[in-house]
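Okay, predicted coordinates and the sequence, questions at the end:
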Amino acid sequence: MTDNKIIVKYLDSSTEKLEFVYEYINTSRYQDELIKDYNLWNQICSSLYVINDTILAIKSYLSKKYPKDIGRKYLYTYGILQALFTQQDAVINLTECFNVETKVCDVFREIRNLRNISIGHPTKLERREGVYYGYISRITLSKFSLNYIKPIR
């Protein structure tokens, strides 16, 4: 099975798991209680919508051919990094609603860090270990990889 098919299968199973959450929150005995806390209800709904939207974005990214035009390559790359970042935030916020602790695995932590230093705050990012002034190496952009250049002061 190709990597794309494995990822799509995982995303499909994630969508099925979200259906369980939708069923739970829309069961009247639970929904009545959840809606009493207006902010909690909005956080649950917002998180679920964003998770579903980002699943659609990721599946679209995987199913489409990576562009040859350099500007579109940047849009695709920035877009997928932002979608992954946004999805992680939504999952964290959703689990928070139900008092479930989450642990960000190393791969997702690396994606968050790459997104922050490459497209979130590329021109100056201050961290304990130094200040980063980074950028994505244009010639290395591809659908599943890139080189990030990070001179440290």
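Arrived safely. Please read these numbers as outputs of a predicted model, since none were measured by experiment.

where do the helices sit along this protein?
3-25, 28-36, 38-63, 70-97, 106-115 (DSSP state H).

Could you list every helix and strand in contact with the longest one?
Right, helix 70-97. For helix 70-97, the elements it packs on are helix 38-63, helix 106-115, judged by 3 or more CB pairs under 8 Å, 6 or more residues apart in numbering; DSSP states H and E. (Glycine included, C-beta is placed from N, CA and C.)

Run the chain-centre distance for it.
Centroid displacement of helix 70-97 relative to its chain, using CA atoms, centre = their mean, to the nearest Å, is 3 Å.

That helix to helix 28-36, inter-axis angle?
Using axes from the mean of the first three to the mean of the last three CA atoms, to 10 degrees, the direction of helix 70-97 lies 110 degrees away from that of helix 28-36.

residue with max distance from the center of this structure?
For the chain, the residue at maximal distance from the C-alpha centroid (CA atoms, centre = their mean) is residue 29, at 31.6 Å.
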